[in-house]
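Colleague: Structure for the following, please:
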Amino acid sequence: MSKRPMLLLSIVERDKGKKLIKELENIDIKVNFQTVGFGTAPTEMMDIFGLGSNDKDIIISLGAENVVKDIMANFGTKFVSHSKYGGLMIILKVSAANRILSEILSFNNDKITEKGNGAMKNEYHNNLIIISVNEGYSDDVMQVARKAGATGGTVIKGRLAEIEWFAEMGKTDLDGEREILCILAPLKTSKQIMDDVNKEFGLNSDANGILFAIPTEKAYKI
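Modeller: Below is the predicted model of the structure:
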């Protein structure tokens with residue numbers, strides 16, 4: 001039995017997050033975190049993809065690998081969506097996690113079928129780019145990202161943990177209040193987006209930007 005966790009990042013219309021969490025819990029995705037954000041895609045882009053309003057519920061979920069891959073293999077039957085949440089679900093591999101967390105995620109999921117346990121190809125060849133900047137810079141960052149090929153993004157308000165550690169590294173001007181910009185982009189444009197954003201908004205700028213990318217194994221419209 002696989003004890004490797006995987007992450008599901010769901011960006012859905014505001015006030016639909018609790019309903020999604022309940023559905024995820026019913027299919028053995030028991031660890032879920034909820035926050036809020038707002039989309040940056042222009043209205044016409046949102047209309048094309050059926051993404052509804054700019055206000056978003058953001059759900060970060062963790063599940064055992066065999067549970068998540070079973071969902072992926074049987075997405076239309078095990079997780080029936082038909083765009084009722086007005087958003088996206090992105091499935092990501094987790095490189096490391098607490099052993100106890102892995103045990104919790106794998107507990108009592110032997111009822112999961114073997115069908116979903118095979119390796120899944122990254123058919124869409126996308127990266128999830130995460131950009132964390134001081135408060136007030138996300139709009140400027142998104143303008144640069146769009147010029148480099150991004151079609152839209154989602155902003156999450158948050159705080160930077162361990163800011164004292166950054167101060168020890170000489171970054172005393174980092175703001176504890178942060179804006180986290182999440183952009184789903186094809187591999188062919190990801191590098192350009194990150195290079196351009198880092199050039200103007202990296203750690204040595206007033207925005208004190210922190211950037212990284214996560215390869216996405218699968219992305220669904222939900």
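
Colleague: When you work out contacts or count neighbours from here on, use the C-alpha atoms and nothing else.
Modeller: Noted.

Colleague: per the record, what domains does the chain have?
Modeller: With domains defined by automatic domain parsing, the chain comprises 5-120, 126-217.

Colleague: Confidence-wise, which of those domains is weakest overall?
Modeller: Of all these, domain 5-120 carries the lowest average pLDDT, namely a mean of 72.

Colleague: Number of residues surrounding residue 35?
Modeller: Under the neighbour criterion other CA atoms under 10 Å, residue 35 is assigned a count of 14.

Colleague: for it, helix, strand, or coil?
Modeller: The three-state label for residue 35, taken from DSSP: H, G, I helix; E, B strand; the rest coil, comes out as strand.

Colleague: For it, which non-adjacent residue is spatially closest?
Modeller: Nearest-residue entry for residue 35: residue 58, 5.2 Å, with adjacent residues in sequence omitted and distances by CA to CA, 6 or more residues apart in numbering.

Colleague: Apart from its neighbours in sequence, what residue is nearest residue 187?
Modeller: Closest to residue 187 by CA to CA, 6+ apart is residue 126, at 5.2 Å.

Colleague: now that neighbour: how far from residue 189?
Modeller: 9 Å (CA to CA, to the nearest Å).

Colleague: Count the neighbours of residue 147 for me.
Modeller: The burial count for residue 147: 12, using other CA under 10 Å.

Colleague: next one: residue 139
Modeller: Based on other CA under 10 Å, the number of other residues close to residue 139 is 13.

Colleague: helix/strand/coil for it?
Modeller: With three-state DSSP as the basis, residue 139 sits in helix.

Colleague: Against residue 17, how distant is the residue nearest to residue 135 when sequence neighbours are not counted?
Modeller: Nearest residue to residue 135, sequence neighbours excluded (CA to CA, 6+ apart): residue 178, at 4.9 Å. Counting by CA to CA, the gap between residue 178 and residue 17 amounts to 22 Å.

Colleague: pretty sure residue 128 contacts residue 183?
Modeller: Yes - contact criterion CA atoms under 8 Å: residue 128 and residue 183 qualify, at 5.7 Å.

Colleague: Between these two, point out the one with more neighbours.
Modeller: In terms of neighbours (other CA under 10 Å), residue 183 is the more surrounded of residue 128 and residue 183; the figures are 24 against 21.
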